[in-house]
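K.L.:
Show me how the following folds:
(one chain, ligands or ions: 1)
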Amino acid sequence: MTTVLYPGSFDPIHLGHLDVVEQALELFGTVIVAAMHNPSKPGGMLDLDRRLELIEASVAPLRGPGRVVSVEAFPGLVVDAAHRLAADFIVKGLRTGGDFEVEQQMAHTNYAAAGVRTVYLPCKPALVFISSRFIREIANYGGDVSTMVPPAVLPHLQRASREP
Ligand code: PNS
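P.N.:
This is a model prediction of the structure:
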């Protein structure tokens, strides 16, 4: 069985992320979802513990025979997480050409720096518009994001949006 690392900020985890986890499970069997600390991404909404809790609640229904998902927090570099957790590959979801540009550069850099390969998975067409950034923005103004996030996430976004 192949083990893949799916890194991200997951602030919050959304249905596009879950689609990638589902595809990765189907293809590889074991997926480690790693919530990374990313200091270059200010303006976050949920703290790390909450993000981990919501990732765990959201991926739990995807587990089954031959489908192993674990959830980890990791500071620092994705390639260090991949080595530490003995992942065979990094997995990333692609929504748009813009994602490809960014991910391609990161994939080449991660391979050059640490010999870790990246596999891209295309996001389900119905979900390509979903982004954590816009979910945070909409939730912050009290808008409805119920079609974009797993049910467990919704109450926490609403709560976060009411905090000063
Ligand atoms: O969900 P995001 O915010 O797009 O995830 C991006 C993430 C966390 C995977 C990215 O910022 C990242 O890789 N951070 C760790 C730092 C790192 O490994 N940098 C080198 C990239 S080539």
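
K.L.:
tell me what the lengthiest helix in the chain is packed against?
P.N.:
Counting residues, the longest helix in the chain under DSSP state H turns out to be helix 97-114. Judged by 3 or more Cβ pairs under 8 Å, 6 or more residues apart in numbering; DSSP states H and E, the packing partners of helix 97-114 are helix 78-84, strand 89-94, strand 118-122. To be clear about C-beta, it is placed using only N, CA and C from the backbone, and glycine gets the same treatment.

K.L.:
I'd like the distance from it to the chain centre, please.
P.N.:
When distances are taken as Cα atoms, centre = their mean, to the nearest Å, helix 97-114 is centred 16 Å away from the chain's centroid.

K.L.:
With stretch 69-84 instead?
P.N.:
12 Å.

K.L.:
The ligand contacts on this structure?
P.N.:
With Cβ under 6 Å from any ligand atom as the criterion, the chain meets the ligand at residues Pro7, Gly8, Ser9, Met36, Asn38, Lys41, Leu77, Val78, Met106, Thr109, Asn110.

K.L.:
Do a quick rundown of the strands in the protein.
P.N.:
Under the criterion DSSP state E, strands of the chain are mapped to 2-8, 29-36, 68-74, 89-94, 118-122.

K.L.:
Please produce a markdown table containing those strands, extended by mean pLDDT.
P.N.:
What follows is the strands of the chain, written out as a markdown table (pLDDT from 0 to 100):
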| stretch | mean pLDDT |
| --- | --- |
| strand 2-8 | 97 |
| strand 29-36 | 97 |
| strand 68-74 | 97 |
| strand 89-94 | 98 |
| strand 118-122 | 98 |
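
K.L.:
export those to CSV and tack on mean neighbour count?
P.N.:
CSV is the format used below for the strands of the chain (neighbours: other Cβ atoms under 10 Å):
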stretch, mean neighbour count
strand 2-8, 21
strand 29-36, 21
strand 68-74, 17
strand 89-94, 21
strand 118-122, 17
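
K.L.:
Any idea which of those gets closest to Gly143?
P.N.:
Checking the strands of the chain against Gly143 by Cβ to Cβ gives strand 2-8 as the closest, at 22.5 Å.

K.L.:
Identify whichever of the helices and strands packed on helix 97-114 lies nearest to Ile130.
P.N.:
Closest of these to Ile130 is strand 89-94, at 10.2 Å (criterion: Cβ to Cβ).

K.L.:
how far is that closest one from where the chain is centred?
P.N.:
9 Å.

K.L.:
Could you list the residues in contact with that strand?
P.N.:
Contacts with strand 89-94, where a contact means Cβ atoms under 8 Å, 6 or more residues apart in numbering, come from 2, 4-7, 16-17, 19-20, 24, 28, 31, 78-79, 82, 99-100, 103, 106-107, 110, 116-123.
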